[in-house]
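Q: quick one, fold the following:
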Amino acid sequence: MDSTTPYPDPASLLELVPPATLEEARSFRDDLVLRLARERDSTSTFLLTLADFDRRRGWEPLGHSSLFAFLMRELGLSKGGASSRLKSARLVLRFPEVIEPLRDGRLCVTSLAEVARVLTPENMAEILPLFYDCSVREAREVAAAVAPFPRPPRREAVTSLPLVTPRSSAGLGSDEPSTPVQSTEPLPAGAAAPRTEVRPLTVELRRLHVTVSARFLDKVAAARDGLSNAHPDVTTEQVLEAALDLLLEKQARAKALVKKPRRRPADAGPAPDGTVNPRAIPAAVERAVRLRDGDRCAFPLDVGGVCGSTWRVQLDHVVPVALGGTPTIENLRCACRRHNRLAAERLLGDRATSAMRAAMARRRAARKRRRGRPAGQPPRRNAGARRMRRASRPPS
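A: Purely as a prediction, here's the structure:
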């Protein structure tokens, strides 16, 4: 695939096609790199043209009251899109030095609004490089560190959401006023969950907007009451931080990342039949692997380096257990769930990994059934076990 290849038809993206080979994936990557460079150059040129258009008040002869109105009426941008492009164009007009970082990708166009908030001629040489390779959230944190809120609020606010107006039982013609009430119904299936928003205030302070249930607030209040004797002035932040410390400590123990490991940790002991379970990973080995890899996915990338994801990290056997792999530090690595599965599919094939996943699903279902069994009820025994017991009985 070269740079002259046209864009694919959107309808064709819905067709089922075989996965790309390594050569095809590299060709796609090279083409995307070229297209991304063109997009960055086009964006920079657009902002330069828009800045010159605004400097010469080109929107005025066209009958518009402002550049913002022109962007919305003539170019069809939304209010947010028009506002961000207006700020970016005026930043380019004041500081042409931002064009080169925009072209080479060091500066993202979505972070220009934060750059415009804190950049001055005096601090440009020092502050502008701080925004290089930053996401929108990271750019907000940099801007909050450079120009923090003068008096950041330290308050806790609880707002009931959402308010709905029930229909009157008397119908539309009733004079009885309807009172907004808080909805207690759960979100409908498929509805997007309320988004958690974080707004940086200073270097250390953040404002957190999160939607929680009334049950959660009851638990926070109960925890605050429980700490009231030892800490009468405890805040919600301190309560949540203490709870998170306990959760993180529990997760660290589950990963064998304890503060005081045993001097002579027990190895994987033999099973009742005298064999050693090759899937049982000793705690010392797991701890060493996670510390070595930083508890991040160590799956190698084609361009060099590793994945580095921290989401759903598992321990992966470099040589699978099915092929004789052992639970040693050299044969284990941290891998996210996607790369763990991909490595198994490459070495064992789709059929084998599908059978393994089906067996694991059956084991999980069996564990759930055992957990859901009422107390005192004996476990159910299958017919095969009963036949084996009858066959092992001595003849009468």
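Q: then Glu114 would be within a strand, right?
A: No - going by DSSP: H, G, I helix; E, B strand; the rest coil, the assignment for Glu114 is helix, not a strand.
Q: you'd agree it is up against Glu141?
A: No - if you go by Cβ atoms under 8 Å, Glu114 and Glu141 don't touch, sitting 9.2 Å apart. C-betas here are computed from N, CA, C, even on glycine.
Q: more crowded one of the two?
A: Glu114 (24 against 20; other Cβ atoms under 10 Å).
Q: so who does that one touch?
A: Shown in contact with Glu114 (Cβ atoms under 8 Å, 6 or more residues apart in numbering): Phe131, Val136, Ala139, Arg140, Val142, Ala143.
Q: name only those of the residues you listed that count as buried.
A: Phe131, Ala139, Arg140, Val142, Ala143 (16 or more other Cβ atoms under 10 Å).
Q: and the furthest pair within the residues you listed?
A: Phe131 and Arg140 (10.4 Å; Cβ to Cβ).
Q: any low-confidence regions in the stretch 51-200 of the chain?
A: Residue ranges of the stretch 51-200 of the chain with pLDDT under 70: 153-155, 160-194.
Q: how about 90 then?
A: For the stretch 51-200 of the chain, the stretches with pLDDT under 90 are 63-65, 80, 84, 108-111, 113-114, 117, 135-137, 140-141, 144-200.
Q: run through the strands of it in chain order.
A: Counting by DSSP state E, counting those that start in this stretch, the stretch 51-200 of the chain has strands at residues 163-164, 181-182, 197-200.
Q: Leu50 and Arg85 touch, don't they?
A: Yes - using Cβ under 8 Å, Leu50 is in contact with Arg85, at 6.5 Å.
Q: what do the two both touch?
A: Counting by Cβ under 8 Å, 6+ apart, nothing touches both Leu50 and Arg85.
Q: quick one: buried residues of stretch 231-243?
A: Val234, Val239.
Q: contacts for that stretch next, please.
A: Contacts for stretch 231-243 (Cβ under 8 Å, 6+ apart): Glu156, Val220, Ala223, Arg224, Leu227, Ser228.
Q: how close does the closest residue to Phe299 other than its chain neighbours get to Val289?
A: Using Cβ to Cβ, 6 or more residues apart in numbering and skipping the chain neighbours, the partner closest in space to Phe299 is His339 (3.7 Å). His339 is 15 Å from Val289, where distance means Cβ to Cβ, to the nearest Å.
Q: and for Pro261?
A: Distance from Pro261 to Val289, by Cβ to Cβ: 14 Å.
Q: and Arg370, by the same measure?
A: 30 Å.
Q: and for Glu74?
A: Counting by Cβ to Cβ - Glu74 and Val289 are separated by 59 Å.
Q: and the two? Which one has more around it.
A: Using other Cβ under 10 Å as the criterion, Glu74 and Val289 rank with Val289 on top: 24 against 12.
Q: please name the nearest non-neighbouring residue to the more buried one.
A: Leu332 (4.7 Å).
Q: quick one: contacts for that neighbour?
A: Ile281, Val285, Glu286, Val289, Leu315, Asp316, His317, Val318.
Q: show me what it is bridged to.
A: His317 (DSSP bridges).
Q: what pLDDT does it get?
A: pLDDT for Leu332: 94.
Q: measure it to Val285 for me?
A: Taking Cβ to Cβ, one finds Leu332 at 7 Å from Val285.
Q: go on, Val210?
A: Val210 is 38 Å from Val285, where distance means Cβ to Cβ.
Q: neighbour count winner among these two?
A: When Val210 and Val285 are compared for neighbours, Val285 comes out ahead with 22 against 10, by other Cβ under 10 Å.
Q: that one: what's it in contact with?
A: Contacts of Val285 (Cβ under 8 Å, 6+ apart): Pro327, Thr328, Ile329, Leu332.
Q: just say helix, strand or coil for it.
A: Val285 ends up helix, using three-state DSSP.
Q: how far out from the middle of the chain is the lengthiest helix in the chain?
A: When the chain is parsed with DSSP state H, its longest helix is helix 22-55. Centroid separation for helix 22-55 versus its chain: 26 Å, with Cα atoms, centre = their mean, to the nearest Å.
Q: what's the answer for stretch 64-84, then?
A: From the chain centre to the centre of stretch 64-84 is a distance of 32 Å (Cα atoms, centre = their mean).
Q: what about the residue nearest to the spatial centre of the chain, which SS state?
A: Nearest residue to the geometric centre of the chain (Cα atoms, centre = their mean): Trp311, 7.4 Å. When classified by three-state DSSP, Trp311 comes out as coil.
Q: how about the helices of the stretch 251-396 of the chain, start to end?
A: 283-293, 337-348, 350-371, 383-392 (DSSP state H, counting those that start in this stretch).
Q: so which of those gets nearest Ser42?
A: Closest to Ser42 of the helices of the stretch 251-396 of the chain is helix 337-348 (Cβ to Cβ; 32.8 Å).
Q: tell me the mean pLDDT for that closest one?
A: Mean predicted lDDT for helix 337-348 stands at 88.
Q: please report how far His317 lies from Arg56.
A: Applying Cβ to Cβ, the value for His317 to Arg56 is 66 Å.
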